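Novice: okay, structure incoming, though there's no sequence with it:
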């Protein structure tokens, strides 16, 4: 297979990424080194921001009507639709997520672009406001150059979603993909060029943390949308705070799943296992802790472990695989260290015994231990099962530690389960299910607690990229 060259895109031109940290991109299924990593230079970061600033200032993109921008996004959507299989394969190699899942993500990228364009056209850039003197208008104005900091677990889906809504809103952007998953962003930039989106509107820089730090520290970057780890989010917030750059940060959360007394354990175990193992355990809203009546704790833990045993674990490139490897060696090593810490704390560790001997595979694990668990997020195919005596104790435990993103409640009485869900500190709470997708086309979700700043939901994402400006004739004869 041919892998995209790790270019830096500035002003519509692909340049060499001249620097290297000496690392390689690997096949997570085997551990085989594939190609050396490449990094943009600090000079290139500055020039990419300058190009985005120039494109913002001369209004070459935001000066188009929302309908015209939507038309260009539709051309880009068509271009990506023709490359679904290539994108899916690259994402499966970059993330360890099974190709059956990355095909779904890649297949939805075009729809994401079209939807963003439709939403922006429906809202419009300018609308008249009621005023007795007339001539008062609300303008939606992009903040300025916007940095899009991308995660490694869903490479193309996150690159396309952030880019689609930013461009639909009229913003100029600089993408910075994870150094572990840079390939699908390269294809996206090729598509941007092919779709006739003006030069300078979309840039791309490559590299690890140092490049990201340089990008978000640039005073010309007026907004930052980032999905990733909590430590990285805190660093970005600290860097951007002095200039009051706008922030949207989706960070980590140890999401709790509460199993009520009337829940059917068999179907609950199946649903929780589905949630834990999606994306090879690597998605930010996965259930990370189960809280269940203490008398049923051990029974449920074994049912959950049996569900793990039933799943097909193998290469992320195999269509039959349900659970692939984690994305890179350090991710596997951190999960192993977390499992060992839980064992030292007294947890009974139940883990799948049959995993491939090579590559970055981590045995799907159930750790049985009462209490809140680890302080930091667990990001992989591992879950804690603990007991509670009553639901007040369950709520106290569920809302302890790093929380705020998602939550789950299981029970036969769905109205009662939903009432319990309103007590969780979480932006989204699902009853009797663990799907990745939103429950409603109008879903909106804020990031509570330490899980970030802002939120997601398509209207919220579109709004993030613009400020609101009122321009009009002042009211005559006002007393003050």
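Specialist: Great, that's in hand. Since the structure is predicted, the reported quantities are computational estimates derived from the model, not experimental observations.
Novice: okay, CA-based contacts and neighbour counts for the rest of this
Specialist: Noted.
Novice: all helices of the stretch 151-300 of the chain, in order?
Specialist: Counting by DSSP state H, counting those that start in this stretch, residue ranges of the helices within the stretch 151-300 of the chain are 155-169, 183-194, 209-217, 230-241, 265-277, 297-310.
Novice: could you dump those to a markdown table with distance to residue 45?
Specialist: As requested, the helices of the stretch 151-300 of the chain are exported to a markdown table (distance: least, CA to CA, whole Å):
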| stretch | distance to residue 45 |
| --- | --- |
| helix 155-169 | 18 |
| helix 183-194 | 16 |
| helix 209-217 | 6 |
| helix 230-241 | 16 |
| helix 265-277 | 37 |
| helix 297-310 | 44 |
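Novice: will you turn those helices into TSV that also has distance to residue 444, mean neighbour count and mean pLDDT?
Specialist: Converted to TSV, these look like this (distance: least, CA to CA, whole Å; neighbours: other CA atoms under 10 Å; pLDDT from 0 to 100):
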stretch	distance to residue 444	mean neighbour count	mean pLDDT
helix 155-169	15	26	98
helix 183-194	26	21	97
helix 209-217	26	18	96
helix 230-241	21	17	95
helix 265-277	20	20	98
helix 297-310	30	19	98
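Novice: which one of those lies closest to residue 253?
Specialist: helix 230-241 (8.7 Å; CA to CA).
Novice: determine the set of other helices and strands touching the closest one.
Specialist: helix 209-217, strand 246-250 (3 or more CA pairs under 8 Å, 6 or more residues apart in numbering; DSSP states H and E).
Novice: strand partners of the last one, parallel vs antiparallel please.
Specialist: Put plainly, it is strand 246-250. Take DSSP bridges as the rule and strand 246-250 pairs in its sheet with strand 223-227 (parallel), strand 452-453 (antiparallel).
Novice: if I pick the closest residue to residue 475 other than its chain neighbours, what's in contact with it?
Specialist: Spatial nearest neighbour of residue 475, excluding adjacent residues (CA to CA, 6 or more residues apart in numbering): residue 133 at 6.2 Å. Listed by CA atoms under 8 Å, 6 or more residues apart in numbering, the contact partners of residue 133 are 473, 474, 475, 476.
Novice: circling back to that earlier point, lowest-confidence stretch among the strands paired with strand 246-250?
Specialist: Mean pLDDT across the strands paired with strand 246-250 is lowest at strand 452-453; the value there is a mean of 94.
Novice: got a list of contacts for that one?
Specialist: 230, 233, 247, 248, 249, 250, 251, 252, 446, 447.
Novice: let's go with 6 Å and repeat that
Specialist: Contacting residues not belonging to strand 452-453 are listed as 248, 249, 250, 251, 447 [CA atoms under 6 Å, 6 or more residues apart in numbering].
Novice: ok, those vs residue 259, which is closest?
Specialist: residue 447 (23.1 Å).
Novice: hmm, that closest one is touching residue 455, no?
Specialist: Yes - the criterion here is CA atoms under 6 Å, and residue 447 meets it with residue 455 at 5.1 Å.
Novice: nearest to the spatial middle of the chain, which residue is it?
Specialist: Centroid-nearest residue in the chain, with CA atoms, centre = their mean: residue 227, separated by 4.9 Å.
Novice: any idea which element the residue nearest to residue 78 when sequence neighbours are not counted lies in?
Specialist: Closest residue in space to residue 78, ignoring its immediate chain neighbours: residue 110 at 6.5 Å, by CA to CA, 6+ apart. Assigned by DSSP states H and E, residue 110 belongs to helix 99-123.
Novice: ok, and what's touching that helix?
Specialist: Contacts for helix 99-123 (CA under 6 Å, 6+ apart): 66-67, 70, 73-74, 77, 81, 84, 88, 92, 157, 164-165, 168, 316-317, 319.
Novice: tell me which of those fall in helices.
Specialist: Under the assignment DSSP state H, the contacts of helix 99-123 contribute 66-67, 70, 73-74, 77, 81, 84, 88, 92, 157, 164-165, 168 to helices.
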